[in-house]
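[1] take a look and give me a structure for this.
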Amino acid sequence: LQHESTSRQHARIAFDSQGIPWLKDLQSTHGTTCNKRPLPSAAIGKQETNAQHKGARGIMIFPGDVLQFGASTRLFCVEGPDEFERGAWQAKQKQKEQLQKQQQQQELLQLQRQQQETTHMNTEEDHEDETDAASGNENNAHKTVD
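    Just a heads-up that it's a prediction; the model follows:
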């Protein structure tokens, strides 16, 4: 894009391992907008990092998002498959989170059951030991009485 308000290296769109595009402004003078909103400061910078903090890779962009670089009047519309649309992706993420939560709850219940079984087995063993000890005491009592 050649325009007086765009830098030679103005912004970058990179795809993550899931194929999701991320937009990052490379510290351009006149900025980058997505859907008429400037990118947040966390999504601006030239430094490449694998950091997990918010904005390290830029912002996620979705099909239907409109990008503008600098003061250029040219607008770019992101296109892509339906599964990457903002609503579909968010629903998929929510479903994934719910599934993870269910799995964690099932694992917790299984662990609690195992602990209860162990406690129950130990209680039975203790009861048997007490019964044996009581029987032994009765036998000893009978021996002394005889």
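[2] low-confidence stretches in the protein?
    1, 47-56, 87, 122-146 (pLDDT under 70).
[3] tell me the centre residue of it?
    Closest residue to the average C-alpha location of the chain: E97 at 7.4 Å, with CA atoms, centre = their mean.
[4] buried stuff in stretch 69-84?
    Neighbour-count burial for stretch 69-84, with 16 or more other CB atoms under 10 Å as criterion, is recorded at 69-70, 72, 78, 84. Backbone N, C-alpha and C define where each C-beta goes, glycine included.
[5] spell out the residue ranges of the helices in this structure.
    86-145 (DSSP state H).
[6] which one of the buried residues of stretch 69-84 is nearest N35?
    For the buried residues of stretch 69-84, the minimum distance to N35 (CB to CB) is 10.0 Å, reached by V78.
[7] the closest one touches L67, doesn't it?
    Yes: the pair V78 and L67 qualifies as a contact (CB atoms under 8 Å) at a distance of 6.8 Å.
[8] list residues touching both of these two?
    Between them, V78 and L67 share the neighbouring residues I61, with contact defined by CB atoms under 8 Å, 6 or more residues apart in numbering.
[9] how many residues are close by the residue lying closest to Q9 once chain neighbours are set aside?
    Spatially, and ignoring its direct neighbours in sequence, Q9 is nearest to L26 (5.1 Å; CB to CB, 6 or more residues apart in numbering). Residue crowding around L26 was assessed by other CB atoms under 10 Å; the count is 16.
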